[in-house]
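Enquirer: Fold the following and give me the result.
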Amino acid sequence: MSEQTPQTPIPDDDVLAAEYVLGLLDGDDWQAAKGRCAVDGNFAQLVQAWEARLAPLNELYENADAPDLMPQIEAQLFPAPQQRSRKSWFWGLLSGTAVAAAIGVAILVFVPAAPPTGPVLQAELVATDRELVLQARFDVAATELRVTLRGQDAGADLDYELWVIDETEVPRSLGVVRAAELSLPAQLAQGQVLAISLEPAGGSPTGLPTGDVLAVAELSES
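Expert: Predicted coordinates:
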């Protein structure tokens, strides 16, 4: 009798990604998987692959309005109110003195510009340790993001990189920011979160943030 070839087991991370997408995780397990999506590029790709496989199931349900994610983002960004330091929700790279040095203050401001042709979304990202201020102004009709950067240079062999976090909760690069003023083509929406990180020259090599998160802020209509 020939010996039956055993089936190749599904890797644990692949199983975890499937359970996360299917909503089978509870409590701490769900929070842990959610956090890994932001800090582990390989795991985030597994999650995206399962989402793609299960996408046809969405046709069985009616579309629903996107949830307001800001309370969840704030809860994860500042998980320990009793501590003075705060950590970014999606990398966990800021610790000790780096936390105090990289707190981003979100302040909505008006940036003088030409009369807009449609709704305008704005946010300000401030990194106090570098005296770094990034003002973002998005013209919805023109799908153009205008960025003004003031403060300390990124440093030798380093660049600032701008990210957006939408309902998928996976950071997406908007580009490297080197000039004091620049315009970027973008598709953004109110309630999404912008973040700026310090990356190797040319930007993150992985497609996800690898360096310190310097500041975050929510896009809001002016």
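Enquirer: which stretches of this structure form strands?
Expert: With strands called from DSSP state E, the chain shows them at 120-127, 132-139, 144-150, 158-165, 172-177, 181-185, 193-200, 213-218, 220-221.
Enquirer: Quick check: which helices or strands does the first one pack against?
Expert: For strand 120-127, the helices and strands in contact under the criterion 3 or more CB pairs under 8 Å, 6 or more residues apart in numbering; DSSP states H and E are strand 132-139, strand 193-200, strand 213-218, strand 220-221. Every residue, glycine included, has its C-beta placed from N, CA and C.
Enquirer: the inter-axis angle of it versus strand 132-139?
Expert: With axes from the mean of the first three to the mean of the last three CA atoms, to 10 degrees applied, the angle from strand 120-127 to strand 132-139 works out at 170 degrees.
Enquirer: Over to the fifth one?
Expert: Orientation of strand 172-177 against strand 132-139 (the same axes, to 10 degrees) gives an angle of 120 degrees.
Enquirer: And strand 172-177, what's buried?
Expert: Ser173, Leu174, Gly175, Val176, Val177 (16 or more other CB atoms under 10 Å).
Enquirer: show me the contacts for the fourth one.
Expert: Spelled out, that is Val176. The contact partners of Val176, by CB atoms under 8 Å, 6 or more residues apart in numbering, come to Asp159, Tyr160, Glu161, Leu162, Glu199, Gly202, Gly203.
Enquirer: hang on, the earlier thing: Throw the strands of the chain into CSV and include mean pLDDT and distance to Leu57, thanks.
Expert: Formatted as CSV, the strands of the chain follow (pLDDT from 0 to 100; distance: least, CB to CB, whole Å):
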stretch, mean pLDDT, distance to Leu57
strand 120-127, 91, 32
strand 132-139, 91, 33
strand 144-150, 91, 34
strand 158-165, 92, 25
strand 172-177, 90, 24
strand 181-185, 88, 32
strand 193-200, 92, 28
strand 213-218, 89, 31
strand 220-221, 89, 33
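Enquirer: any chance of the ones you listed in CSV, with distance to Trp30 too?
Expert: Converted to CSV, those look like this (distance: least, CB to CB, whole Å):
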stretch, distance to Trp30
strand 120-127, 28
strand 132-139, 31
strand 144-150, 32
strand 158-165, 18
strand 172-177, 22
strand 181-185, 34
strand 193-200, 20
strand 213-218, 22
strand 220-221, 28
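Enquirer: For Asn42, which of those strands is the nearest?
Expert: strand 172-177 (16.9 Å; CB to CB).
Enquirer: lowest-confidence helix or strand of the protein?
Expert: helix 97-101 (a mean of 42; mean pLDDT, DSSP states H and E).
Enquirer: re earlier: can the contacts of Val176 go into a markdown table with extra columns for neighbour count?
Expert: Below are the contacts of Val176 laid out as a markdown table (neighbours: other CB atoms under 10 Å):
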| residue | neighbour count |
| --- | --- |
| Asp159 | 20 |
| Tyr160 | 26 |
| Glu161 | 24 |
| Leu162 | 23 |
| Glu199 | 22 |
| Gly202 | 11 |
| Gly203 | 19 |
